[in-house]
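> sequence first, then the predicted structure:
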Amino acid sequence: MAHGCWRPALALVLVLLGTYAQAPSSRHMDDFIEAVRRVEAGALGSGPLAVLRRLRGAAGLDDAFVRHFLGNVSDVPRLDASLSGYLRAAVRHRVTEDGREEGVALTPDGTTVALAPLLLGIEAGFLARAAGRARGLYQLTLARAPDGAALLGPDGCWDSVASPRVFTLLGGPSAALTAARVNGGVDGVVLGTEVSAEGRRPLLLSGLLAEYYARRPESAGADAAPRLLGRRRRENFGGLVAPPALARQVVKAAALRRRLTGRSKMAAEEKKQLAASATEAMKEFVRQYVDCPPIIPRCMWGARPYRGTPTNLTLPLSFMFIHHTSTPGDPCLTFERCAADMRSMQRFHQEDRGWDDIGYSFVAGSDGYIYEGRGWLWQGAHTLGHNSVGYGVSFIGDYGAAVPSQHSMGLVRDRLASCAVGGGRLVSDFVLQGHRQVVSTSCPGDALYEEIRGWEHYGEVKKGK
């Protein structure tokens, strides 16, 4: 190699290594991707599989179950102590006795992802591409519940969205399958399937992650989002796997784990009972993580506490009332903007109007997410005289002349409504109305009101009833 080519390449490596000499302490996905770039810089010429093996070795993801599908990593080169320590802390997943969930990262879209199942799924995908057949994709990502079919667990809150370090589960410690663990597993399946496909352009691991968890510009709303994007994980996952197939993978994972630990083979009756349990668990899993829309919890958008004592709703309710915020008047297209709009509305409702909290039950952004207001259980302050009988769902923006994004309308029309019915929060024959139908107001705007008149469950009801 000529010296003129070699020296710039060496200089680039030194710059990269120097830039990331100190491993980050933040648990943001951007910081994790920078650590992956550092591993790649130290493995120039190696493909994604070699980098993934180094990550797995540093993180200690090398038990018998993982080795069965992905092979041993005892022979991979060691990383420097600082980077290795960061990766072990960032990737190894566990829930502590005080309710902290470790091994998770905050993504730019405001959701939290467990890194271990994400990386294992991607490695299984690259290995399938190299070997010509897929092995263990679902078992490594979503079918490793401790008891074969564990209950679904909670979401959580970060100590800081700007510099996340500690993630605490809502409701304390949980042995169940947490929301972050599911998100990581789903993303592992989606990306593992993507990279295993023939004809998929080769991409560095850091590039794949950066592309999938990209920070979207303010000008790019949900309708303009590419197919392969983290905020679309539920739609993408729903198109990949059927619940019966995933239930079978749960049984296979339990049987394999038993064999690898030297225990006796699972009896036919025990396997039958586990299969029945897994099938039932899959129904709730699909409802919660495929059929229902992704909802950003209050703690993630920075909600102030409720003032006073909330009034609990008596479920199921009979109505869903559609609103627009009018102010803010523009759609919010990113998590940062939508979260800021939620805080602004809550301040206005609490300080200017004297309400206990933000009035709406839920709010739809144009970033691909629903934001929790008063939620499923607390009575709102959205539709005067009707707050006890229905949920108030608002779209951020003024929709007098134009409608919200097609994606955000679909989240409310198709997924939030069916989620409410499936979860016993709305009656199956609920009535959907615009705010103006029961209160003297222009809300939800002329364009949006004309739109919802064509929605299923829309109903004409006289004012005052």
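That came through, no problem. Quantities reported herein were computed from a predicted structural model and do not represent experimental measurements.
> contacts and neighbour counts: CA atoms only from here.
Fine.
> let me see the domain layout of the chain.
11-291, 299-452 (automatic domain parsing).
> where do the helices sit along the stretch 101-250 of the chain?
115-131, 137-141, 179-196, 205-212, 233-238, 243-260 (DSSP state H, counting those that start in this stretch).
> what's the least confident stretch among the domains of the chain?
Among the domains of the chain, domain 11-291 has the lowest mean pLDDT, at a mean of 87.
> can you give me how far that domain is from the chain middle?
Domain 11-291 sits 12 Å away from the centroid of its parent chain (Cα atoms, centre = their mean, to the nearest Å).
> what's the answer for stretch 321-329, then?
25 Å.
> please identify the buried residues of it?
321-326, 328 (16 or more other Cα atoms under 10 Å).
> and if you look at stretch 83-101?
When burial is assessed from 16+ other Cα under 10 Å, stretch 83-101 yields the following buried residues: 83-84, 86-93, 95, 99-101.
> for stretch 303-313, same thing?
Neighbour-count burial for stretch 303-313 [16+ other Cα under 10 Å]: 303, 313.
> got it, and stretch 261-272?
For stretch 261-272, a neighbour-count test (16+ other Cα under 10 Å) marks Lys271 as buried.
> how about stretch 104-121?
Neighbour-count burial for stretch 104-121, with 16+ other Cα under 10 Å as criterion, is recorded at 104-121.
> how about stretch 377-395?
378-383, 386-395.
> can you show me the helices along the stretch 301-450 of the chain?
Under DSSP H, counting those that start in this stretch, the stretch 301-450 of the chain gives helices at 335-347, 406-410, 417-422, 446-452.
> which one of those helices lies nearest to Gly302?
When the helices of the stretch 301-450 of the chain are compared by Cα to Cα, helix 335-347 sits nearest Gly302, at 6.6 Å.
> quick one: residues in contact with that closest one.
Here helix 335-347 makes contact (Cα atoms under 8 Å, 6 or more residues apart in numbering) with 108-110, 300-304, 328, 332, 357-359, 365, 367, 396.
> one more time with 7 Å, if that's ok
With contact meaning Cα atoms under 7 Å, 6 or more residues apart in numbering, helix 335-347 is reached by 109-110, 301-303, 328, 332, 357-358, 365, 367.
> ok, now stretch 372-384?
Stretch 372-384 is contacted from outside by 295-298, 310-313, 358-363, 387-388, 392, 435, 439, using Cα under 7 Å, 6+ apart.
> of the buried residues of stretch 377-395, which is the nearest to Ser196?
Scanning the buried residues of stretch 377-395 for proximity to Ser196, where the rule is Cα to Cα, the winner is Phe395, at 38.1 Å.
> might one say that that closest one is in contact with Ser361?
No: with contact defined as Cα atoms under 7 Å, Phe395 does not reach Ser361; the gap is 11.4 Å.
> nearest spatial neighbour of Val73, chain-adjacent residues omitted?
Excluding the flanking residues, the one nearest Val73 by Cα to Cα, 6 or more residues apart in numbering is Gly57, at 5.6 Å.
> check which helix or strand the one you found maps to.
helix 48-59 (DSSP states H and E).
> next, the angle helix 115-131 makes with that helix.
Orientation check (axes from the mean of the first three to the mean of the last three Cα atoms, to 10 degrees): helix 48-59 against helix 115-131 gives 150 degrees.
> helix 48-59 packs against which elements?
For helix 48-59, the elements it packs on are helix 81-91, helix 115-131, judged by 3 or more Cα pairs under 7 Å, 6 or more residues apart in numbering; DSSP states H and E.
> neighbouring contacts of that helix?
So helix 48-59 is contacted by 39-40, 73, 76-77, 84, 87-88, 91-92, 123, 126, 204-205 (Cα under 7 Å, 6+ apart).
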